[in-house]
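Q: From the sequence below, what's the structure:
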Amino acid sequence: MYPATRTTNFNQSMIREMTRLAMQHDAVNMSQGFPDFDPPEVIVDAAVEAIRGAANQYTVTWGYPPLRTVLARQYTEQLGWTVDPDVHVCVVCGVTEGITTALLALLNPGDELIILEPGHENFRPSALLADAAAVPVLLETPEYRIDPDRLEAAVTARTRALLLNTPHNPTGRVFERDELDALTEFVNRHNLILITDEIYDRILYDGREHVSPGSLDGLVERTVTIGGLGKSFAVTGWRLGYVVAREPLSAAIRAVHDYSTICAPTPLQAAASVALDQPTDYWAQMREEYRERRELIMEILGRAGFSAVRPQGSYYTMAGYRNIDAPQAAWDSHRFARWLTTDIGVAVVAGINFYTRDREKHGEGVVRFAFAKRLETLREASRRLSTIAV
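A: All right, here's what the predicted structure looks like:
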């Protein structure tokens with residue numbers, strides 16, 4: 001007995017493995033990107049009301065109608081074209097399912113998908129599950145800018161799509177308009193599908209505004225926009241995401257979703273329709289609270305001897321550790337991350353985990369911190385990190 005070949009080229013998530021290690025050692029979990037604070041009470045109340053009401057059976061495969069209506073209204077404004085809730089929207093079980101479903105629906109065996117690295121560990125396995133290949137293109141540290149020449153060098157006759165994550169995990173970059181313009185020209189010239197992971201589109205700093213690539217001239221017909229609610233509303237365990245695309249792409253995505261999960265949890269979709277109708281001051285307050293966390297984590301890491309990249313969006317930072325005052329600073333990033341978790345009590349993810357090509361060259365000497373935590377949690381992490389040089 002042996003498994004399918006497509007499963008033999010990747011392992012289980014190292015990010016989730018670090019969470020399990022954190023639980024075993026009672027470490028402050030700054031490895032996996034989930035908050036340790038409660039979601040807004042109005043959203044929880046909406047979920048409870050839905051469970052106690054009539055929203056406990058299957059809903060329409062591609063999404064609870066009131067939620068699709070809210071999403072269509074939001075994305076008509078965000079993308080600049082009329083999004084039909086009955087045609088262009090599919091509610092899925094989280095952004096990860098949205099990406100995997102899109103790749104299964106749109107890639108053929110042997111196709112190639114361009115991904116930017118460092119990048120989330122889910123991207124390559126999602127391509128492999130579609131019997132496609134993930135082709136990495138480097139974002140050079142410390143600016144992590146998109147390099148058109150590197151994109152051009154990655155194209156082959158089998159290139160079918162490009163996967164873009166903005167705001168970016170793990171670097172916190174928000175790609176600028178000139179980078180998006182270059183990407184638009186590249187995608188159109190090579191007749192590619194653009195798949196975007198925009199899960200952090202609400203978490204931005206220093207007055208930055210998110211631009212959905214699917215709103216740009218030349219990308220409307222060829223872009224699959226994927227987002228979710230878990231990060232913005234601190235409900236990562238609800239596993240709610242959504243995909244917005246024009247026909248015929250949307251029909252193929254809906255069909256794959258139909259046969260893979262049937263539908264996302266109905267009562268949570270009902271609550272999500274309430275969540276997305278929050279007043280604008282909710283978003284302003286959320287951004288201010290994350291800005292405060294960003295400032296604190298930058299201060300904490302600087303004091304501990306780390307060299308951290310200042311995030312422009314999302315709630316992650318890549319931090320170099322070679323200059324900290326400890327012999328472990330010479331270790332490889334995987335060993336260092338485990339030591340920081342088991343001995344110091346702060347769980348992080350090895351930088352090598354976000355690369356597939358030249359991993360030792362680009363991923364060593366750096367770890368990722370997730371700072372979507374209560375301020376008191378961050379201060380406890382600071383106390384523990386202060387023991388490194390003791």
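Q: Could you pull up the contacting residues of P213?
A: By Cβ atoms under 8 Å, 6 or more residues apart in numbering, P213 lies in contact with 164, 166, 180, 183-184, 194, 196, 219, 223, 225. From N, CA and C alone the C-beta is placed, and that goes for glycine too.
Q: now C90
A: With Cβ under 8 Å, 6+ apart, C90 has these contacts: 62-63, 98, 101, 242-244, 250, 253-254, 257.
Q: Restricted to helices, list those residues.
A: 98, 101, 250, 253-254, 257 (DSSP state H).
Q: Pull out the buried residues from those.
A: For these, a neighbour count by 16 or more other Cβ atoms under 10 Å gives the buried set as 98, 101, 250, 253-254, 257.
Q: Please enumerate the helices of the protein.
A: Going by DSSP H, the chain shows helices at 14-24, 41-52, 65-79, 94-106, 123-129, 148-154, 177-189, 249-261, 266-275, 280-303, 333-339, 359-363, 375-385.
Q: ok, back up a step: E364: which of the contacts of C90 is nearest?
A: Checking the contacts of C90 against E364 by Cβ to Cβ gives G98 as the nearest, at 31.5 Å.
Q: From W238, how far off is that closest one?
A: 14 Å (Cβ to Cβ, to the nearest Å).
Q: swap in I300?
A: From I300 over to W238 (counting by Cβ to Cβ), the distance is 29 Å.
Q: between the two, who's got more neighbours?
A: Ranked by neighbour count (other Cβ atoms under 10 Å), I300 and W238 place W238 first, with 24 against 21.
Q: check contacts around that one.
A: Contacts for W238 (Cβ under 8 Å, 6+ apart) come out as 229-230, 265, 268, 271-272.
Q: right, and L192 touches L163 too?
A: No: with contact defined as Cβ atoms under 8 Å, L192 does not reach L163; the gap is 10.4 Å.
Q: ok so, going back, need the helices of the chain in JSON lines (columns: distance to H210).
A: Shown next, in JSON lines, are these (distance: least, Cβ to Cβ, whole Å):
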{"stretch": "helix 14-24", "distance to H210": "24"}
{"stretch": "helix 41-52", "distance to H210": "21"}
{"stretch": "helix 65-79", "distance to H210": "8"}
{"stretch": "helix 94-106", "distance to H210": "15"}
{"stretch": "helix 123-129", "distance to H210": "20"}
{"stretch": "helix 148-154", "distance to H210": "22"}
{"stretch": "helix 177-189", "distance to H210": "11"}
{"stretch": "helix 249-261", "distance to H210": "22"}
{"stretch": "helix 266-275", "distance to H210": "18"}
{"stretch": "helix 280-303", "distance to H210": "11"}
{"stretch": "helix 333-339", "distance to H210": "30"}
{"stretch": "helix 359-363", "distance to H210": "27"}
{"stretch": "helix 375-385", "distance to H210": "25"}
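Q: and those helices, which one's lowest on average pLDDT?
A: When the helices of the chain are compared by mean pLDDT, helix 359-363 comes last with a mean of 89.
Q: list the helices and strands that helix packs on?
A: Contacting helix 359-363 under the criterion 3 or more Cβ pairs under 8 Å, 6 or more residues apart in numbering; DSSP states H and E is no other helix or strand.
Q: Pull out the buried positions in that helix.
A: Quick answer for helix 359-363 (16+ other Cβ under 10 Å): 359, 362-363.
Q: before we move on, the earlier item: just name the closest of the contacts of C90 to A389, please.
A: G98 (43.3 Å).
Q: burial count for the spatially closest residue to I297 that is not a sequence neighbour?
A: Spatial nearest neighbour of I297, chain neighbours left out: F371 (4.1 Å); criterion: Cβ to Cβ, 6 or more residues apart in numbering. Applying other Cβ under 10 Å, we find 25 residues neighbouring F371.
Q: now swap in P279 and tell me
A: 8.
Q: got the contact list for it?
A: By Cβ under 8 Å, 6+ apart, P279 has no neighbours at all.
Q: Need phi/psi at it.
A: Phi and psi for P279, reported as degrees, to the nearest 10, are phi -70, psi 160.
Q: what about P142, how many neighbours?
A: Per other Cβ under 10 Å, the neighbour tally for P142 reads 11.
Q: let me redo that: R6
A: Other residues near R6 come to 14 when the count uses other Cβ under 10 Å.
Q: still on that earlier bit, what touches both of L192 and L163?
A: I114.
Q: which residues does Y2 contact?
A: By Cβ under 8 Å, 6+ apart, the contact list for Y2 is empty.
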